[in-house]
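# got a predicted structure plus its sequence, pasted below:
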Amino acid sequence: MKSGFVAILGRPSTGKSTLLNSICGHKISIISPIPQTTRNKIKGIFTDERGQIIFIDTPGFHLSKKKFNIAMMRNIHSSIEEVELILYIIDIQDKPGEEENKMLEIVKNSKIKFLALLNKIDLENTKIKEITQFLKEKGIKDNNIIKISAEKKINIEELKNKIYENFSEGPLYYPQEYYTDQNINFRISEIIREKAIENLKEELPYSLYVDIDTLENKKRGLFIRANIFVANESQKGIIVGKNGKEIKSIGEKARKTISKIFETKCNLFLQVKLKKNWNKEDKLIKRLIN
């Protein structure tokens, strides 16, 4: 039996979280077209008769000097130190740029085995030839490049086989029925944040966080009170919306997803609160980005 840890790295919105959810067969990491939706190191666990793969989904790699972004980049570097294999995922609709050069430099300097995944091959008008040439110029061999579609699950079985080829014999680190190590509070807060991002699009993706105030598992289902925190007063009105339209929609969508994942009724109550400039507080950032 084989087992090991795998880091999923790449630019924002390249399909890292979609890949994790696709392989593990469960909704583990939240998904959004908004860059850098993932803030934390999210673990997904896949187990079959061959062994166990523990995936670490990381924040999107982005060159920025903002405090919040720097903290997320630290997450990426620490993830690399924990794994036997790196999956470097590239969106083939985008041209290789400065981020790709820096990412490859980090990956190659780590001396850890890696595979380059060319994602979204199901789409048209891609830059696959240009990207393949770029990788070859960087010394990446053909047998380390796999073309996939995380969303359509194209070549995912081939990818699993390739991952196991790079593993040594090892134990099961988690029970077979586990598909993530996240606690329920974190998963619910991430679902609420996902639905807020879906509703608000590009207006507030980096300016909010969710904190679970109350979580009780009762006979009639889950009872949850959660707070959505924003960084300034004007953002409260955007989240609440006219006559409470937005916050109601966020709650309905989150409630539906939570009920589906945990297979129980969900009573969810949301409140929007102000915490001025929270995204500049070192202590809070450290707590949110673990």
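Yes, it's here.
# C-alpha from now on. contacts and neighbour counts both.
OK.
# which positions in stretch 116-135 come out as buried?
116-121, 126, 128, 131-132, 134-135 (16 or more other C-alpha atoms under 10 Å).
# among those, which are in helices?
128, 131-132, 134-135 (DSSP state H).
# what are the ranges of the strands in the stretch 101-250 of the chain?
113-119, 145-148, 168-169, 208-218, 221-230 (DSSP state E, counting those that start in this stretch).
# CSV for the ones you listed, including distance to Leu19 and mean pLDDT?
Below are these laid out as CSV (distance: least, C-alpha to C-alpha, whole Å; pLDDT from 0 to 100):
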stretch, distance to Leu19, mean pLDDT
strand 113-119, 9, 94
strand 145-148, 9, 96
strand 168-169, 23, 94
strand 208-218, 24, 92
strand 221-230, 28, 94
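# low-confidence ranges, the protein, go.
For the chain, the stretches flagged by pLDDT under 70 are 29-42, 59-79, 201-206, 286, 288-290.
# walk me through the domains of it.
2-169, 184-288 (automatic domain parsing).
# thinking again about what came up before, quick one: closest of the strands of the stretch 101-250 of the chain to Glu194.
strand 208-218 (10.0 Å; C-alpha to C-alpha).
# mind putting the ones in helices among the buried residues of stretch 116-135 into CSV with distance to Ile90?
Shown next, in CSV, are these (distance: C-alpha to C-alpha, whole Å):
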residue, distance to Ile90
Ile128, 10
Ile131, 9
Thr132, 10
Phe134, 12
Leu135, 11
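# for Cys266, state which of those is nearest.
Of those, the one sitting nearest to Cys266 (C-alpha to C-alpha) turns out to be Ile128, at 43.9 Å.
# how about that closest one, nearest residue that isn't a chain neighbour?
Ile92 (5.4 Å; C-alpha to C-alpha, 6 or more residues apart in numbering).
# quick one: Asn227 and Leu274 touch, right?
No - contact between Asn227 and Leu274 fails when scored by C-alpha atoms under 8 Å: they sit 9.7 Å apart.
# correct me, but Ile258 touches Asn267?
No - taking contacts as C-alpha under 8 Å, Ile258 lies outside contact range of Asn267: 9.7 Å.
# what about Ile86, neighbour count?
Residues near Ile86, counting by other C-alpha atoms under 10 Å, number 23.
# for Ile53, see how far away it is.
12 Å (C-alpha to C-alpha, to the nearest Å).
# what touches both of those two?
Val6 (C-alpha atoms under 8 Å, 6 or more residues apart in numbering).
# hmm, the residue nearest to Ile128 is touching Leu117, no?
No - Ile92 is beyond contact range of Leu117, at 9.4 Å (criterion: C-alpha under 8 Å).
# now the strands of the stretch 101-250 of the chain in CSV, with distance to Glu49?
Compiled in CSV, the strands of the stretch 101-250 of the chain are given as follows (distance: least, C-alpha to C-alpha, whole Å):
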stretch, distance to Glu49
strand 113-119, 23
strand 145-148, 23
strand 168-169, 13
strand 208-218, 34
strand 221-230, 34
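# highest mean neighbour count out of those strands?
For the strands of the stretch 101-250 of the chain, the largest average neighbour count (mean count of other C-alpha atoms under 10 Å) is found in strand 113-119, namely a mean of 22.
# show me the helices in the stretch 51-200 of the chain, by range?
Remark: helices assigned in the stretch 51-200 of the chain by DSSP state H, counting those that start in this stretch are 67-80, 98-110, 128-137, 156-165, 184-200.
# and Ile56, how many neighbours?
Count around Ile56 with other C-alpha under 10 Å applied: 27.
# isn't Ala116 up against Ile90?
Yes - the criterion here is C-alpha under 8 Å, and Ala116 meets it with Ile90 at 7.3 Å.
# my read is that Pro171 contacts Thr47, right?
No - between Pro171 and Thr47 there is no contact under C-alpha under 8 Å: 11.3 Å.
# looking at the two, which one has more neighbours?
Thr47 (18 against 12).
# who does that one form a beta bridge with?
Gln52 (DSSP bridges).
# roughly how far apart are it and Leu268?
Thr47 is 32 Å from Leu268, by C-alpha to C-alpha.
# same deal with Ile250?
Distance from Ile250 to Leu268, by C-alpha to C-alpha: 10 Å.
# could you do Asn217 as well?
12 Å.
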